[in-house]
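Student: Provided below are the primary sequence and the corresponding predicted coordinates.
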Amino acid sequence: MCEVVAREAAGPRVVAETDGFLAYVPEAARWPYEVYVAPRACVPDLPALDAARRDELMRLYADVLRRFDALYEHPTPYVACWYQAPARTKRDAAHLCARVYTPQRTADKLKFLATSETGGGAYINDVLPDAAAARLREF
Ligand SMILES: [Zn+2]
């Protein structure tokens, strides 16, 4: 994850950033609008951040949610998954990351998973990740 974050920081899919965190559309996004928010440094979980870094992360996270809401003329539903280290073991193998998705693919259409997506994990996304990032950067 450290290598991915470093690579994405220099690429076209950055949506927003701070000194310590990056918000980007993953290279192989599964959803039309999907953003990962991760620390640039290898941090295992939220408790490992000091208060200033937690505030910085929450400001960036709120910024991403505001950008999602700006996509359409109504609030955008979303799902947020926070990936953190296990409490007691393998903490150094984890890299904190929030993954935010919306099932809204247009103002009035939701994405429904097809057979290949549900059964095989092979997602079909009709919005290119670079284009999704460019649109989210506009807001
Ligand atoms: Zn890492």
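Tutor: Ah, there it is.

Student: quick one: the helices in this structure?
Tutor: Chain-ordered helices for the chain, with DSSP state H as the definition, fall at 2-9, 51-69, 115-120, 129-138.

Student: so for residue 93, which of these sits nearest?
Tutor: Using CB to CB as the measure, helix 2-9 is the one of the helices of the chain that comes nearest residue 93, at 11.3 Å. Yep, even glycine has a C-beta here, placed from its N, CA and C like the rest.

Student: run the chain-centre distance for that closest one.
Tutor: Relative to the chain's own centre, helix 2-9 is displaced by 13 Å; criterion: CA atoms, centre = their mean, to the nearest Å.

Student: ok, back up a step: so which of the helices of the chain comes closest to residue 25?
Tutor: With respect to residue 25, and counting by CB to CB, the nearest of the helices of the chain is helix 129-138 at 4.2 Å.

Student: could you check the angle helix 2-9 makes with that closest one?
Tutor: Computed by axes from the mean of the first three to the mean of the last three CA atoms, to 10 degrees, the angle separating helix 129-138 from helix 2-9 equals 70 degrees.

Student: what does this structure put close to the ion?
Tutor: Remark: the part of the chain in contact with the ion comprises 1-2, 42, 95, using CB under 5 Å from the ion.

Student: can I get those residues in TSV including neighbour count and pLDDT?
Tutor: TSV is the format used below for these (neighbours: other CB atoms under 10 Å; pLDDT from 0 to 100):
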residue	neighbour count	pLDDT
1	15	91
2	12	92
42	15	95
95	20	96
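
Student: and the furthest pair within these?
Tutor: Set against one another by CB to CB, the residues of the chain next to the ion have their most distant pair in 1 and 42, with a gap of 7.5 Å.

Student: joint contacts of those two?
Tutor: residue 95 (CB atoms under 8 Å, 6 or more residues apart in numbering).

Student: related to what we said a few turns ago, and the helices of the chain: which comes nearest residue 34?
Tutor: The closest of the helices of the chain to residue 34 is helix 129-138. By CB to CB, the value is 7.4 Å.
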